[in-house]
Structure formats: C-alpha cells, structure tokens
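# Got a predicted model here, sequence first, then my questions.
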Amino acid sequence: TTRLNIQKIRKDFPILNRKVNGEPLVYLDNAATSQTPKQVIDAIVDYYSNYNANIHRGVHALSQEATDKYEEARHTIQQHFNAEKAQEIIFTSGTTDAINLVANGFTEFLEEGDEILVSAMEHHSNIVPLQMLSERTGALLKVIPMNIEGELLMDQYDALLSKNTKLVFCNHISNALGTINPIEQIIRKAHKVGAAVLIDGAQAAPHVKADVQELDVDFYTVSAHKMCGPTGVGVLYGKEDWLNKLPPYQGGGEMIAEVTFEKTTYAGLPHKFEAGTPNICGGIAFGAALDYMNAIGFEAIAAYEHEILEYATQKLLEIDNLKIYGTAKNKTSVISFNVEGIHPYDIGSILDKLGIAVRTGHHCAQPVMDFYKVPGTVRASFCFYNTKEEVDVLVKGLKRAVAMLK
Ligand code: PMP
C-alpha cells in the first residue's frame, strides 16, 4: 500500500488549523463526526453560489444542472458500494433515518411468533426503531451476546437463528468499541434461515469499503458526516427486490406517480422513498466526499489508521490504571477507556481545556456500558488526518488530567 502524505492531507482540512482554548486543536472525536476537507466545502459553496435549484421537476437550466449533479452523486455512491443499480441507492437524512425506513416497512411483514435479532453492541439507532417495530407487530426482539473483548458470540448467534428469524440487524463496526463484526458470516447464516439482514455501516464506511453485492447484504446504511461529508444526509442501500416490496415511508411530493383524492399511485425507485425536497446540496457534497476519500485510497487509509490504533493503544496502556474496553482482535481506530476512580466526564473536560476533543459518555450504546458496568467511557477515535504526534499530545494531556483528578 502507498504511504499517506499526512501533512499534505491535513492542509485540506481548514478546521485543523484552529485553536481551542488557546491550544492547537487535536480532534479525536471522529466516531461522532469527521471533519470536512476544502474539496467538500468547495462543492457546497459551488452549489449555493452557482446552481441552487429544486430538482427533478424543473425545465429551467439551474434545475437541470442541480438534478444532474444530484444523480451523479447517487451514481458515485452506487459505484463506491458496488450496488448493481443506481435506484438501489436511496438518499436519507442519515443512518437513523435509513434504519427507521426499513423498520417501519417491515411492520407489514412481521407478526407474533416472528423474531428479530440484534447485536449486543448496537447504537441506539439500531435498537429503538426495532423495539418500536416489535411493539407494533408482536415480533420478539432477541440479542446476540458478546464476550468481554467486545466480540459477538457466533455460536450463540447460531443457536438464536431459526425459521422464526425474519430480520437480523447488526453494525459492521461498533462505534463504541471499534470491533469489526464478521458480517459475511452473519449475512450468510441469516440467509440460510430465510431472514433479511440490515448492516449498519455508519462507523465502518469511513474505514473500509463495503461491496454490497459481494456481501449479498439486503440493506446497508451510511451517514455522510462520518466520512468527510456534511451532516443531514446519508444513504440506504437496499436490494431492488426488497425496496420494491417495502411500502413507502413518508408521503409527499416527488414520491408519487399520480395523485387524486381517491387514490395515489407511487413513483418507482428511488423516488418512492424520497418524499419532499431532499438535501440536494448534501447529496452532492456526499459524492464529493467519496471522491476525496477514494483519491486518497481506502487501503492506504486502513493501513495508516491501523498504525495509529496500535501506537495509541500501546501509549495509552502505559498510563496507570487505564482500562480499554473493546479489545477485539479485529478492530478499527476507536479506543474506549476509563482510568480507575475517575469519571470520564472529568477527563473529557480537562482534555478540552488543552484543546483535545474526545467524546465522553455512553456513545449512544447504553447496553454496551451496562455490559461493562460503567456509566460511560472516554472515547478517542482517529481519522486518517490524525498523527502520532497528536496521540502523544493526548497521552500527555491524560497524564496531566489524571494527576489533577486523583
Ligand atoms: N450507527 C452507528 C454505528 C453510528 O456510529 C452512528 C453515528 N454515530 C449511527 C448509527 C447513527 O448515525 P446518524 O446519527 O448519522 O443517523
């Protein structure tokens, strides 16, 4: 793999030049949202400066240009995830929206006696919509447990699967622990019993390139803001057959073929799921973000981030009484930890004073915190623009925080 030119890459991100509390920003909250390169910011400025218009309906030039760019972005996303067809890419407001679309649609297909499996390390966005689905339909929600390293217990998964299993929901990579889940196996086994699988790729997409055809996954979700794109836009990939079967999620403009007060017929894919004026600029900027990341290269990104993960893990473990949660063999650059006797929030606050941005709390995965019997953790999550020098700043800051709080 080619080496990344990190100093050149860092110049693409204007925000990395700023100071926080008088100190150079060290941004280690990438699992919450990533920063935006000027190539993506330029795409946003270009849209509002030059061709802002509503899409799909206009005969005028601006509307045509905006439509073309939006559909071009859909095509970029289709190619990136290797979907067979562009219409299998549904623009949503993000992963949460995409999961709700699917969970809502399955109301029609589930009944009492059916079962939904969900992993023990899910984000709330993958738990709550399913609980609501379970309440609506009487289908039972069951949990695939994990071990203390933060790895799913695959023999227990095997035992949970049955002809009653209709749906399996699992994240590709856990945002709380960094675990890379064996989704190939999860998908294959679910299909053997006839269950559909939704993989939440929100945390995975910035680190690894998923091939939805090779995975044979039924649904895959991503959020642009975690991969150098803007907030408020994401994608649901769905196999065409499934998307045709699922009912529309929201009614409105754009998603209809014909409307009378007696009866409405729905538009075909992807419009059936894209009611109302979408986040046009966001979709276009998402395409620009993928172009940006692909120009760097996902293999080089993964190799570099792995190096940072190993370095940071080793350095953090040199701190007395520091415990890392999530020690799976297969993991990405997310490190959740606590220092014994110190509340994560206190550590986060002191680090902030030093210009270091980390996340503290439950990371929208309370069941994971309950599993480890902690109220929360400190989470440092790394992106390809982070450096070993920044890891050193984190470790130095932590030592200072620990000394103050002990
Ligand atoms: N799932 C995972 C694994 C995530 O990391 C996130 C975002 N942190 C989400 C779902 C929710 O994504 P969004 O808030 O963009 O809808």
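Happy to help now that I have it. Numbers count the residues shown, from 1 in each chain.
# which stretches of this structure have low pLDDT?
Counting by pLDDT under 70, the ranges of the chain that qualify are 1-2.
# how about the residues of it near the ligand?
94-96, 123, 125, 171, 175, 200, 202-203, 223 (Cβ under 6 Å from any ligand atom). Every residue, glycine included, has its C-beta placed from N, CA and C.
# Point me to the residue of the stretch 301-406 of the chain nearest the ligand.
Residue nearest to the ligand within the stretch 301-406 of the chain: Cys364 (6.2 Å; Cβ to the nearest ligand atom).
# Grab the nearest non-local neighbour of that residue.
For Cys364, ignoring the flanking residues on the chain, the nearest one in space by Cβ to Cβ, 6 or more residues apart in numbering is His124 at 4.5 Å.
# what does Leu153 give?
Pro145 (5.1 Å).
# The one you found contacts Met121, correct?
No. Using Cβ atoms under 8 Å, Pro145 is not in contact with Met121; the gap is 9.7 Å.
# Please say which of the two ends up with more neighbours.
A direct count of neighbours by other Cβ atoms under 10 Å for Pro145 and Met121 places Met121 higher, at 28 against 14.
# rewinding a little: okay, and which of the residues of the chain next to the ligand map to helices?
If you go by DSSP state H, the residues of the chain next to the ligand have 95-96 in helices.
# And the furthest pair within the residues of the chain next to the ligand?
Greatest spacing in the residues of the chain next to the ligand, by Cβ to Cβ: Gly94 and Asn171 (14.2 Å).
# out of the two, which sits in the more crowded spot?
More crowded of Gly94 and Asn171, by other Cβ under 10 Å: Asn171, with 28 against 23.
# The more buried one and Ile6: what is the separation?
Shown here: Asn171 relative to Ile6, a distance of 28 Å by Cβ to Cβ, to the nearest Å.
# I figured the residue nearest to Cys364 hits Met369, correct?
No. The criterion here is Cβ under 8 Å, and His124 misses it with Met369 at 11.5 Å.
# Mind telling me what element the residue of the stretch 301-406 of the chain closest to the ligand is part of?
Secondary structure assignment for Cys364, by DSSP states H and E: no helix or strand.
# chain center to the helix or strand containing Glu390: distance?
Per DSSP H and E, Glu390 falls inside helix 388-405. Remark: helix 388-405 is offset 28 Å from the chain centroid, using Cα atoms, centre = their mean, to the nearest Å.
# buried sites along that helix?
For helix 388-405, the neighbour count (16 or more other Cβ atoms under 10 Å) marks 390-391, 393-395, 397-398, 401-402 as buried.
# mind listing what the residue nearest in space to the middle of the chain touches?
Note on the chain: the residue nearest the mean C-alpha position is Ala202, at 1.1 Å, using Cα atoms, centre = their mean. Taking Cβ atoms under 8 Å, 6 or more residues apart in numbering, we find Ala202 in contact with 94-95, 123, 125, 171, 175, 221-223, 226, 234.
# so what's the closest residue in space to Arg359 that isn't next to it in sequence bridging to?
Take Arg359 and drop its neighbours on the chain: the residue closest to it by Cβ to Cβ, 6+ apart is Arg379, 4.5 Å away. Bridge pairing for Arg379 (DSSP bridges) gives the partners Ser336, Arg359.
# Does Arg379 touch Leu177 like I think?
No. The pair Arg379 / Leu177 is not scored as a contact, 9.2 Å apart, by Cβ under 8 Å.
# Show me the common contact partners of the two, please.
Joint contacts of Arg379 and Leu177 (Cβ under 8 Å, 6+ apart) are 334, 336.
# Count the residues that sit near Glu299.
Neighbour count of Glu299, defined by other Cβ under 10 Å: 12.
# quick one: it from the ligand, how far?
22 Å (Cβ to the nearest ligand atom, to the nearest Å).
# so which strand or helix has that residue?
Using DSSP H and E, Glu299 falls in helix 298-316.
# what's next to the very next helix or strand once past that helix, contact-wise?
The element immediately downstream of helix 298-316 (helix or strand, assigned by DSSP H and E) is strand 322-325. Applying Cβ under 8 Å, 6+ apart, the external contacts of strand 322-325 come out as 150, 176-177, 313, 316-317, 335-340, 368, 372, 374, 377, 398.
# 10 Å - rerun?
With contacts defined as Cβ atoms under 10 Å, 6 or more residues apart in numbering, strand 322-325 is touched by 148-150, 176-178, 312-313, 316-317, 335-340, 342, 368-369, 371-372, 374, 377-379, 395, 398, 402.
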